[in-house]
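**Q** Provide a 3D model corresponding to the input given below.
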Amino acid sequence: MQQLSVVILAAGKGKRMVSDLPKVLHSVGGKPLLAQVLATAGGLKAAMRVVVYGHGGDQVKTALADEPGVAWVEQSEQLGTGHAVAQALPVLDDAGVTLVLYGDVPLTRQETLQPLVDQARQGRLALLTVKLADPSGYGRIVRNELGQVCRIVEEKDATSAERELKEVNTGILAVSTAKLRGWVAELNNVNAQGEYYLTDIVALAVRDGVLIEAFIAPEAAEVQGVNDRRQLAELERFYQRRQAERLLDHGATLLDPARVDVRGEVTTGKDVVIDVNVIFEGAVQLGDRVKIGPFCVLKDAVIGDDVEIFSHSRIEGAAVGSGSQIGPFARLRPGSQLAAGVHIGNFVETKKTIIGPGSKVNHLSYLGDAAIGAGVNVGAGTITCNYDGANKHQTVIDDGAFIGSNSSLVAPVRIGKGATVGAGSAVGRDVPDGSLCLTRAPRKDVSHWDRPVKPKT
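**A** Reported below is the predicted structural model:
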């Protein structure tokens, strides 16, 4: 099978974005536009992905430096799409086929593009078109009396009759690389824009007797480019509708599908319920019967079966065991690992903390760099003092310990199995198993106390 090369044109400046950020680095679904296109190309099993860059090139390359197997080709002058493809041709293999995509058209699906690649491997020129109620600004698809594509005409070069056509060119095409190389070499810039149009290869294909297959995109948003912030917002909503539909298809209940945002990858178990204004980022796994309240953010998290996450909670880089309850207003930071049946209550923050089965931290506490056993109760206002200004230290609380409210555990320190720390204690030494630690100062009452007052002026 002929290898596939994907050429992605990403040299545009994007003046209408009114931004210092190159257009292709603006995001949809939590990823830069260009990253979305590169991911699609990877899904098509492209042997080579070539990005033709121009404006903000160094910034674009730096932002996507982690993308493996990408060849970067500079288009120093923006002289049209045909000229852009010409810059990529020296690195392409004539024995394969080439698919041309655009760095600001992020949401074309693999299943929409695969037929184009298949037709190109059969020696045809495959085009992706779309029908628009208002085709203004787009090149029109011109067909002959048999319905075959014979050419594409840009709007500025079109006749009045051609401007009435509703089927337009998306610019996305696939063809054998050898044919593409020959046709691009014949392009000229004799047109209203003075540019080298890649679309002119259609007429050359007709001249050479190459069959042209045009596939109409199922949804206009799949082939919509981004030229301004409004179009970016429109594509974001389309993307989110698509993600919501996928969650619904996998058995999740969304109390309002229009108010859930997925900015990564989410997998769900059975009978998951997601309330409004929940945001998913990175890779999130939800077990069976998970319930997520409103205004929660989950990022790179693994949530076990039967977990309930109450409103306004943030979980990032953490794992939550089955049957646990989180929030409201809880924050689990990276490295937090909760076993089954753990309760994390309102205004509790954990960081790099392991909590054993059935332990409870219900109110107003901070636990950082801690290892907490099973059946531990941590009272309201407890903090682990884990940072000495230079290094982090660990606090260990063994099984069955009870930490009274408003306690400070000064790490490194160990609270023994079944030990009790009295409320208001500051603990800087290990507490033996089964013992009581109480560090409150003795009470002192002063009779007839005169409270200081401000002098009258």
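
**Q** now the helices for the stretch 51-200 of the chain?
**A** Here the stretch 51-200 of the chain has its helices, by DSSP state H, counting those that start in this stretch, at 57-63, 81-88, 110-120, 160-163, 177-186.

**Q** Count residues in the vicinity of Leu132, would you?
**A** Other residues near Leu132 come to 16 when the count uses other Cβ atoms under 10 Å. The C-beta positions use only the backbone N, C-alpha and C, and glycine is treated the same way.

**Q** count of neighbours near Glu186?
**A** Counted with other Cβ under 10 Å, the neighbours of Glu186 add up to 11.

**Q** Need the per-residue pLDDT for the closest residue to it other than its chain neighbours.
**A** Distance criterion Cβ to Cβ, 6 or more residues apart in numbering; nearest residue to Glu186, sequence neighbours excluded, is Leu204 at 6.1 Å. Leu204 is assigned 94 on the pLDDT scale.

**Q** Could you look up the SS state of Leu204?
**A** helix (DSSP: H, G, I helix; E, B strand; the rest coil).

**Q** domain ranges for the protein?
**A** Annotated domains of the chain cover 4-223, 240-437 [automatic domain parsing].

**Q** Can you say which of the helices of the stretch 51-200 of the chain is packed in most?
**A** helix 81-88 (a mean of 23; mean count of other Cβ atoms under 10 Å).

**Q** what packs against that one?
**A** Judged by 3 or more Cβ pairs under 8 Å, 6 or more residues apart in numbering; DSSP states H and E, the packing partners of helix 81-88 are strand 4-10, strand 48-53, strand 70-74, helix 177-186.

**Q** Please save the CA atoms from that helix in CSV.
**A** Backbone C-alpha positions of helix 81-88 (Å, rounded to 0.1, in the frame of the first residue of the first chain) are rendered in CSV as follows:
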residue,chain,number,x,y,z
THR,A,81,-1.7,27.6,-1.4
GLY,A,82,0.0,26.3,-4.5
HIS,A,83,3.2,28.0,-3.5
ALA,A,84,2.9,26.6,0.0
VAL,A,85,2.6,23.1,-1.2
ALA,A,86,5.6,23.6,-3.5
GLN,A,87,7.7,24.3,-0.4
ALA,A,88,6.8,20.9,1.0
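
**Q** Next, format the helices and strands packed on helix 81-88 as a markdown table and append distance to Phe215 and mean pLDDT.
**A** Shown next, in a markdown table, are the helices and strands packed on helix 81-88 (distance: least, Cβ to Cβ, whole Å; pLDDT from 0 to 100):
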| stretch | distance to Phe215 | mean pLDDT |
| --- | --- | --- |
| strand 4-10 | 16 | 97 |
| strand 48-53 | 22 | 96 |
| strand 70-74 | 26 | 94 |
| helix 177-186 | 18 | 97 |
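
**Q** and Pro115, which of these is closest to it?
**A** strand 4-10 (13.1 Å; Cβ to Cβ).

**Q** Just after the closest one, pick out the following helix or strand.
**A** strand 27-28 (DSSP states H and E).

**Q** partners of that next one, with directions?
**A** strand 31-32 (antiparallel) (DSSP bridges).

**Q** What's the mean pLDDT across the partner strand?
**A** 96.

**Q** In three-state terms, label Pro328 for me.
**A** On the basis of three-state DSSP, Pro328 is classed as coil.

**Q** Can you name the residues in contact with the top helix by length along the chain?
**A** Longest helix in the chain, counting residues (DSSP state H): helix 229-249. Outside helix 229-249, the residues within contact range by Cβ atoms under 8 Å, 6 or more residues apart in numbering are 17-18, 26, 28-29, 106-107, 219, 221, 224-226, 254, 257-258, 260-262, 266, 268, 274.

**Q** Now that we have those, which of them are buried?
**A** 17, 26, 28-29, 106-107, 221, 224-226, 254, 257, 260-262, 266, 268, 274 (16 or more other Cβ atoms under 10 Å).

**Q** Between the two ends of stretch 412-419, how far is it?
**A** 17 Å (Cα to Cα, to the nearest Å).
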